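for reference, the sequence and a predicted model appear below.
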Amino acid sequence: MDGELTVRRDQRRREILDAEFKVVAEAENGDDALSLYNESKPEFVTLDITMPKMNGLAALKNILAADPGAKIVIVSAVGQKQIVFEAISIGAKDFVIKPFERDRVLKAVRRLFEAAAS
């Protein structure tokens, strides 16, 4: 894997992903996520719904407008079910709910590449 963009620093997510993937960038907010995506062109993105400056749904729309083939996994807190459905309808490929479970995070990311190989 060439790399992954993690939006919002999250030590647990980083530990899980570092075992199998190279994290090439981390963004603190939605504006930075869009800029870093355009600069680093990662193979996939984990994108928090709740972020300062530009929320995850707006960042998702902007990234997909720039790259319709972007592979994005949405990260949400418990209780954001409706927003997760909206993110999937916009074009997110999968989602994970906090607190992170290692197997669920890796399953979501692996599915991105299984779908592309099919």
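Right, received. Where do you want to start?

identify the residue nearest K61 in space, chain neighbours excluded?
I90 (6.0 Å; CB to CB, 6 or more residues apart in numbering). All C-beta spots, glycine's among them, are computed from the backbone N, C-alpha and C.

check A25 too.
L36 (4.3 Å).

that neighbour contacts A27, correct?
Yes - at 5.1 Å, L36 counts as touching A27 under the criterion of CB atoms under 8 Å.

on that earlier part again, mind listing what's buried in the helix or strand harbouring the residue nearest to A25?
Using DSSP states H and E, L36 sits in helix 30-40. Residues of helix 30-40 classed as buried: 30-34, 36-37 (neighbour count, 16 or more other CB atoms under 10 Å).

with stretch 71-83 instead?
So, applying 16+ other CB under 10 Å, buried residues of stretch 71-83: 71-76, 80, 83.

which of the residues you listed lies closest to K22?
Distance to K22 across the buried residues of stretch 71-83 (CB to CB) is lowest for K71, with 14.9 Å.

ok, back up a step: for the buried residues of stretch 71-83, give me JSON lines that also has distance to L17.
Putting those into JSON lines (distance: CB to CB, whole Å) gives the following:
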{"residue": "K71", "distance to L17": "13"}
{"residue": "I72", "distance to L17": "14"}
{"residue": "V73", "distance to L17": "10"}
{"residue": "I74", "distance to L17": "15"}
{"residue": "V75", "distance to L17": "11"}
{"residue": "S76", "distance to L17": "17"}
{"residue": "Q80", "distance to L17": "21"}
{"residue": "I83", "distance to L17": "22"}
